Structure formats: structure tokens, C-alpha cells
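Trainee: Next comes the sequence, and after it the predicted model I'd like to discuss.
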Amino acid sequence: MHLSGSDDGCVDTRHGETDIHRRGVSEELIGISTWYQSAHRPLCFLLVNASLTAVATTVFPRSGCPITDDMIPRSTLQGFVEAEQKYTWWRSDWINSPSSAFKLIILSFCDSSIHTIYTTLYQLLFFFQVHNYFKLTMRVSTFLTTALAATPVIAYPGMKNTFAEIRSRADKDGNGADDGDSNELIGDLITLDDSKLTAVGSSVKKLLTGFDNPESDDAYPTVGRSGTLAPKGSAACAADTCCIWKYIANDLQGTFRGRSGRCTDFARAAVRLGFHDAGGWSKGTGNLGGADGSIILASEEIARGENHGLEEIIAQTQVWFDRYKQFGIGMADLIQFSATVATVVCPLGPRIRTYVGRKDSSVPAPLNLLPPVTGSADFLIELFENKTIKPHGLTALIGAHTTSQQRFVDPSRAGDPQDSTPGVWDVKFYKETLGSAPARVFKFASDVVLAKDSRISSEFQAFAGQGGQSHWNQDYAREYIRLSLLGVFNINDLTECTKALPPRTGSTFNAPDQAVLDKWLATKDRLNNIADQLRNGGDINGMIASVMSWLKGVFHFRW
């Protein structure tokens, strides 16, 4: 393979489709270098030439051929302008010509205009999403992501979130944004002009349309004088909308985390409660339903069969509400805040950006807007699309089943989990729904049919594959933000209180009783006390041995 038309000895003897793709990329690199030299920025050209050489060496490790001036054909800046007019960033033509993306990367190093840099990065983001070349080799993706993340000169506000977004998109290994991703505006953001948006309104709009980072580690300081939270009821706490929510989070996490480190049944139920309150909305219901607290405030809604199993968490949420309502909190906010607290308390769970300021309603949500566990793929996909949640968004949201233990779908198997790590926010659910699972794992029929549907299956497999955890966490966080704001028509007036959430639990989790848990999962014996202990987040070490010892005693007595 040649980096130019000359026979200079830099030849790769490999053949086939991969070589053709690589040869095409080498021609792009040469064209980029030519374009930049003709753009009359000589001080940057040396940097550009060195960078392109590094890219070439990364992509073509056996060639090691430098890009020298004699290899460069003539090109003009006008040619680049014409290319830019043709390859606008939202066009699928980018799949066929990555040159504009590389040129824009170069500009970001050399142009001090913040607007240009922002444009560059968003175009680069789309490049990561659609360019099929990255499916052949991730070397370029790794090189560019690392280079961008390590570059100190591009340090304007918001860059950290932009890099996080680029990394998260690159993790998808080329799947990127397509018709399966949710991107529709909701609530008051549909009609508000950008000039009328608050900082929160603008941020949420970006999140809903696929930009900005849906996860955040923003937190109250934990050291020094500034790390002391103002007392409840004080003027200082009242002046900070999020202050009281930090107290609530501290209260909730003790209920949501068990002795084993796994999250409890209350945590799982809090997530489900958030789903059920917000999910009672669709495009046809207008201002009725959604994340408005009606699942608790409207007694009729509580009694519906679709909400069976939520009685305990509803009662507990009412206790929390009664404890803190004097500080001006709302029920709708408490339900959604509890769901995001529960998610991050579960091991490996994302820290989802969280907002408060919704309006409460005691009017029950419309009927038949929540998904049945026996629904067909067509029915479920249509149901969620009517909530502005597209197939890939639905794929991410159903992953919350990874922590659960069903009780009412099949009462004879009450306590059986939906994957082999109940109470842990991992991607075992996706792997085991697609393939084999321990005998005790109970797969919901709706999850199985969705996993096989062509609109869902590629994303399901991506979550189950390498890098699936971070991919899923990002997608789930983005979709849950959308879900938590369905039926909310004052998004522009909300306050972000992500800083009140507990910290993440870490990037790894090893259950202290996993070996015992694995033995239990391999059987279908009805040892309900073990299921109950797991539901409470308890450590089951020694429990099976104790039960077996007791059974032996009973058997010996009868014998």
C-alpha cells in the first residue's frame, strides 16, 4: 500500500477490502495535509503534518511512511469550501468522506474562536456516530479521542462534558445516532425559542436531542467549611433550592442500600414508581398525566392493577413527603428524585442529571398507557414512540430489570431475579435475556420478544457486548431524563439538583456472597427466605448451609 503514487518502498503487501479502505483513508490524509498547507496557516502546518503522520502510523502500523511535501498533490482552499457546502454535518454523505471531519479537527487546534471549536466538536461527534470505517478499526477512534482529551489548549467551559459525550459515542463502535434514538423535544421546549431558554432549558434541550452529557458528578463539597451543609430550616438552606434535597438523598440512600452493598427492593421499587408516574402520558394526552405525582396523589391511580406491587414504596414515599413537605418540596419531584437516587445507589448505576420544580396533580393519569409484561414488540414500540421514546431508548430503559426480582407475574416463582446479579446495575440482563441464564433467572416475555425484534436487537447486543456498561449507563441516563420530564410543561423553569445525589458506587462491584448466590441461582428449590434476604440487599453467606442443616434435622427426626 502506498501513501502516494510513487514507488518509494513503503508498501503493504496485504490485499482485500480492508486494504482498499485503508488506501482510501491514506488519500484523505494526504488531501487534508494539502488543504491545510494551502490555507496559509504555516505555523500550524508543522503540527498538522506531524499529527497526520501519527495518524497514518497508527492506522498503518506496518508502513511507517511519513507524509512529505513531494507526496502532496495540489489543492485549494476553495476546494475545501465546496466540500463543506456538500458535506454539511447532518448529511449521511459523511460516511463516504471523512476528510471534512479531519480538517475541522485541525481547525480546532489553531482557531481561537469558541464558536468554531463548538461547531468542530459537534461535527466530530457526528463523524464518530456515522463513519463505518471505525467498524473496521478502532485505532483511529482511540487515537482521536485520546488526543482530544489530552489537549489542554481547548479548555473553554463545557469542554469536559463534550469530551465525555464524544467518548460515550465512540464506545458505541459505530452504532451512533440513527432512527432508533430518541431526539424529539417535549413539554414547553417544543414552542420556546432558543432566545427564551434558561440555562436549564438550554441544557435539557441539548440532552433531549442527543448532545451534552446525561451523567454528572457535580456534588456539594465534602471538605472544609464549604463542605458543611446549611441546617434544615435555616435561611441559608432555604436560599439554596437543592439543599433540602441533599438531606432527602441522605435519608433515602440508607433505605436503598443493603448490607451486601446491593440495592434493596425499596430502591428497585422507587425506580419502577418513577417509571409508572411519568409513563402515564403520551402525545395525545396533552397536559394530562406524566411526571406529576398523581400515582400517589390520586387514589384511583394507586388502585390500578398495573401498579400492583408498588404499595410499599408508595407508603414509604408518603412518609418521606410528610417529613419534608414543610420545606416546600413536591410529590412529583420526590418520586423522580427517589428514582435517580436509587439508580446511583445500585452498584454500577449511572449518576443521572436530576431536576426539580415540577407541578403536582391529583388528577389520575389516563388509562392503558403503561407497558404490559406480555405485550408484543410492535405494541410496546408503538406505545413508547407515542411517549417520544424510540426503540433504542426503550432498549435502554428496560435494562432497569437487571436489578429486579419478580413477585406477581408468576407468583409460584416469587423472588426469582431477571438476571444472575439481582440488586446490581450491570448488563447481565442483556446478556442473559439474549442467551443462556441460570435456572432461577425469570425472563419476562416482553423482554424476550423485544430482544429479538430487528429495531431493538442491535442495541440489545451492543449493551451485552464489550463496553456495554458505559454505553448503557449513558443511554439509560439520557432516556430517563426524557422519561422524568414527560408531561412537564415548565421545563424551562426547573432547577438542576444533580449535586444533591449520592456519589457513584464505583466502576466495579464484587458481591461478598456471589458464590452462594450462584448456587442458589442454579436450582429452583423454593427457599423463599433467601429470596427475601436478597430483596432486602442482605448478605446470604451461610444461609443455604443453615437451611440444608435444618432440612437434614427434620429428615433425621422423621426417619
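Mentor: Arrived safely, thanks for sending.

Trainee: Leaving out the residues flanking it, which one is nearest to residue 334?
Mentor: residue 321 (5.5 Å; Cβ to Cβ, 6 or more residues apart in numbering). Bear in mind the C-beta positions are built from the backbone N, C-alpha and C, glycine included.

Trainee: And residue 185, by the same measure?
Mentor: residue 208 is the one closest to residue 185 (Cβ to Cβ, 6+ apart), at 5.8 Å.

Trainee: residues in contact with the one you found?
Mentor: Contact partners of residue 208, counting by Cβ atoms under 8 Å, 6 or more residues apart in numbering, are 182-186, 189, 481-482.

Trainee: circling back: neighbours of the residue nearest to residue 334, how many?
Mentor: Residue 321 has 19 neighbouring residues, counting by other Cβ atoms under 10 Å.

Trainee: tally of neighbours for the nearest residue to residue 358 once chain neighbours are set aside?
Mentor: Excluding the flanking residues, the one nearest residue 358 by Cβ to Cβ, 6+ apart is residue 332, at 4.0 Å. Neighbours of residue 332 under the rule other Cβ under 10 Å: 27.

Trainee: Turn the buried ones among the contacts of residue 208 into a named PyMOL selection, would you?
Mentor: The buried residues among the contacts of residue 208 can be selected in PyMOL (16 or more other Cβ atoms under 10 Å) with this line:
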select buried, resi 182+185+186+189+481+482
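
Trainee: Which residue ranges of the stretch 401-550 of the chain form strands?
Mentor: 495-496 (DSSP state E, counting those that start in this stretch).

Trainee: Would you mind listing where it has pLDDT under the threshold?
Mentor: 527-528, 544-550 (pLDDT under 70).

Trainee: Need the per-residue pLDDT for the residue nearest to residue 358.
Mentor: On the pLDDT scale, residue 332 is placed at 99.

Trainee: Identify the residues contacting it.
Mentor: 277, 291-293, 358-361.

Trainee: I'd like those laid out as a markdown table, including neighbour count, pLDDT and secondary structure.
Mentor: Converted to a markdown table, the contacts of residue 332 look like this (neighbours: other Cβ atoms under 10 Å; pLDDT from 0 to 100; DSSP: H, G, I helix; E, B strand; the rest coil):
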| residue | neighbour count | pLDDT | secondary structure |
| --- | --- | --- | --- |
| 277 | 31 | 99 | helix |
| 291 | 28 | 99 | coil |
| 292 | 28 | 99 | coil |
| 293 | 23 | 99 | coil |
| 358 | 27 | 99 | coil |
| 359 | 17 | 99 | coil |
| 360 | 16 | 99 | coil |
| 361 | 20 | 98 | coil |
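
Trainee: which of those residues sit farthest apart?
Mentor: Taking every pair in the contacts of residue 332 and measuring Cβ to Cβ, the maximum separation is 13.0 Å, between 277 and 359.

Trainee: list residues touching both of these two?
Mentor: Common contact partners of residue 277 and residue 359 (Cβ under 8 Å, 6+ apart): 292, 332.

Trainee: ok so, going back, wait, the residue nearest to residue 334 sits on residue 327?
Mentor: No: when contacts are counted by Cβ atoms under 8 Å, residue 321 is not listed as touching residue 327 (10.8 Å).

Trainee: Nearest residue to residue 269 in space, ignoring adjacent ones along the chain?
Mentor: Spatial nearest neighbour of residue 269, excluding adjacent residues (Cβ to Cβ, 6+ apart): residue 313 at 3.7 Å.

Trainee: Quick check: mean pLDDT of whichever strand or helix holds the one you found?
Mentor: Applying DSSP states H and E as the criterion places residue 313 in helix 311-324. For helix 311-324, mean pLDDT rounds to 98.

Trainee: what does the domain assignment say about this protein?
Mentor: Structurally, the chain divides into domains by automatic domain parsing as follows: 17-177, 178-511, 514-558.

Trainee: mind listing the helices for the stretch 201-350 of the chain?
Mentor: In the stretch 201-350 of the chain, the helices defined using DSSP state H, counting those that start in this stretch lie at 235-239, 243-256, 265-278, 294-297, 299-302, 311-324, 331-345.

Trainee: Contacts only, for residue 375.
Mentor: Listed by Cβ under 8 Å, 6+ apart, the contact set of residue 375 reads 383, 446.

Trainee: you'd agree residue 373 is up against residue 443?
Mentor: No: if you go by Cβ under 8 Å, residue 373 and residue 443 don't touch, sitting 10.3 Å apart.

Trainee: Compare these two and say which one has the larger neighbour count.
Mentor: Between residue 373 and residue 443, counted using other Cβ under 10 Å, the more crowded position is residue 443 (18 against 14).

Trainee: For that one, give me its contacts.
Mentor: Residues near residue 443 by Cβ under 8 Å, 6+ apart: 418, 432-433, 437.

Trainee: which of those residues lies closest to residue 391?
Mentor: For the contacts of residue 443, the nearest to residue 391 is residue 433 (15.6 Å; Cβ to Cβ).

Trainee: Distance check, that closest one against residue 454.
Mentor: Distance of residue 433 to residue 454, computed by Cβ to Cβ, to the nearest Å: 16 Å.

Trainee: Looking at those two now, which is surrounded by more residues?
Mentor: Ranked by neighbour count (other Cβ under 10 Å), residue 433 and residue 454 place residue 433 first, with 24 against 8.

Trainee: residues touching that one, list them.
Mentor: 418-419, 443, 447-448, 451, 460.

Trainee: hmm, 7 Å instead?
Mentor: Neighbour list for residue 433: 443, 447-448, 451 [criterion: Cβ atoms under 7 Å, 6 or more residues apart in numbering].
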